[in-house]
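In: no letters, just coordinates:
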């Protein structure tokens, strides 16, 4: 699931977020990994008349034109809003039988056909669930509707790109964790919190298998709105203030920075409660171990105050995912203090030859 890509020029990883698209490409050699190119395109800077997949295509075109990306192979993660997720409990059965059963289950759960002419589905066994003498498997389902998938693929192929895969953002981020951190490949539990703009994705793996995933309706947008209400400013001004003050604060701005921290605290503690409930569910349902560390990804992961509040509320370590740790020739856009922002794009560039993905195209 998280095997790293072979030596040589890696694919261009394209991480499609809610407000920005990040492209990153690595090179692999005997000396280690080096950065070939990286670029972030803010979607709000594009023509507002261009929406959805067309907007993504335009952003990718600009990035390829402005940066020194090499080759035509790409690995893509779709926006969170386009990938539907469910969990189901089914009787235990072999993978082949389970895969067939899930095609019918997915149609009822998601409301569209699964297969070549319809949507695409990928699934993971979360673990056994026991009720008395009855034993079932809890299955995590991820699906995307065929028309949406086709729009993104056609747009990129129209730029002359060859799509190696459309991967789950969560799998890509875990590939970054495995490369940059000391993560067990045995039965240990690894946790990831991707703090996005419109919401957050919390997931856990046991060894190399994805065993828990949940979307949480708390992200940068909700935090900005809470700060705006507390300080009597607009959400846009709150975002600017957070960006300006949180990375580093001098004595002159210390009082304002403290007011900003106080305004953010309630939202971050609410996020921590949601994450804590996820971990409790996992421990109780699957008798799994609670993780010792949560890896934080996303543009806001570099904020020390965010990490400190989450860590205190959860009573465990919360650290920024250093996706680019040890990578040589980093430019300013992908500098180490923004490493968590590049977690998904980095993992996509390290996409393996064979893995569970949403789709593959020759």
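Out: Arrived safely, thanks for sending. Remember, it's a predicted structure, so these values are computed and weren't measured experimentally. Residues are numbered from 1 along each chain as shown.
In: in the worst-scoring helix or strand of the chain on mean pLDDT, which residues are buried?
Out: Taking mean pLDDT, DSSP states H and E as the measure, helix 235-245 is the helix or strand of the chain with the lowest mean score, a mean of 78. Within helix 235-245, the residues that count as buried by 16 or more other C-beta atoms under 10 Å are 235, 238-239, 241-242, 245. Just so you know, the C-beta spots here come from the backbone N, C-alpha and C atoms, and that holds for glycine as well.
In: kindly reformat those residues as a markdown table containing distance to residue 306.
Out: A markdown table is the format used below for the buried residues of helix 235-245 (distance: C-beta to C-beta, whole Å):
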| residue | distance to residue 306 |
| --- | --- |
| 235 | 17 |
| 238 | 14 |
| 239 | 14 |
| 241 | 14 |
| 242 | 9 |
| 245 | 13 |
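In: measure the closest residue to residue 288 other than its chain neighbours to residue 143 for me?
Out: With sequence-adjacent residues excluded and distances taken as C-beta to C-beta, 6 or more residues apart in numbering, residue 288 is closest to residue 282, at 5.3 Å. Distance, residue 282 to residue 143, by C-beta to C-beta, to the nearest Å: 22 Å.
In: next: residue 301.
Out: For residue 301, the distance to residue 143 - C-beta to C-beta - is 28 Å.
In: hmm, back to that, following the least confident helix or strand of the chain, which helix or strand shows up next?
Out: helix 254-286 (DSSP states H and E).
In: now the angle between helix 235-245 and that following helix, please.
Out: Between helix 254-286 and helix 235-245, the angle comes out at 100 degrees (axes from the mean of the first three to the mean of the last three C-alpha atoms, to 10 degrees).
In: which strands and helices sit next to helix 254-286?
Out: With contacts taken as 3 or more C-beta pairs under 8 Å, 6 or more residues apart in numbering; DSSP states H and E, helix 254-286 sits against strand 120-131, strand 189-195, strand 200-206, strand 209-216, helix 220-231, helix 235-245, helix 304-314.
In: will you turn the ones you listed into a markdown table that also has distance to residue 149?
Out: Converted to a markdown table, the helices and strands packed on helix 254-286 look like this (distance: least, C-beta to C-beta, whole Å):
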| stretch | distance to residue 149 |
| --- | --- |
| strand 120-131 | 6 |
| strand 189-195 | 21 |
| strand 200-206 | 19 |
| strand 209-216 | 19 |
| helix 220-231 | 26 |
| helix 235-245 | 31 |
| helix 304-314 | 33 |
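In: tell me how far the ends of stretch 192-200 are from each other?
Out: 10 Å (C-alpha to C-alpha, to the nearest Å).
In: ok, residues contacting that stretch?
Out: Contact with stretch 192-200 is made by 17-19, 80-81, 169-170, 173-174, 177, 201-205, 215-221, 271, 275, 294-298, 300-301, 306, 310, 318, 321, 343-344, as judged by C-beta atoms under 8 Å, 6 or more residues apart in numbering.
In: and what of stretch 28-45?
Out: So stretch 28-45 is in contact with 5-10, 12, 18-27, 55, 59-60, 62-63, 66-70, 324, 326-331, 333-334, 341-342, 345, going by C-beta under 8 Å, 6+ apart.
In: mind listing which of the residues you listed are in strands?
Out: Those of the contacts of stretch 28-45 mapping onto strands are 8-10, 12, 20-27, per DSSP state E.
In: which of these count as buried?
Out: Judged by 16+ other C-beta under 10 Å, buried ones among the ones in strands among the contacts of stretch 28-45: 9-10, 12, 20-27.
In: which one of these is nearest to residue 231?
Out: Ranked by distance to residue 231 (C-beta to C-beta), these are led by residue 20 at 24.9 Å.
In: quick one: contacts for that closest one?
Out: Residue 20 touches 40-43, 299, counting by C-beta under 8 Å, 6+ apart.
In: go on, residue 108?
Out: By C-beta under 8 Å, 6+ apart, residue 108 lies in contact with nothing.
In: just the pLDDT for it.
Out: pLDDT for residue 108: 88.
In: now swap in residue 181 and tell me
Out: Residue 181 is given a pLDDT of 66.
In: distance check, the residue nearest to residue 341 when sequence neighbours are not counted against residue 243.
Out: Excluding the flanking residues, the one nearest residue 341 by C-beta to C-beta, 6+ apart is residue 299, at 4.5 Å. Separation of residue 299 from residue 243 (C-beta to C-beta) stands at 9 Å.
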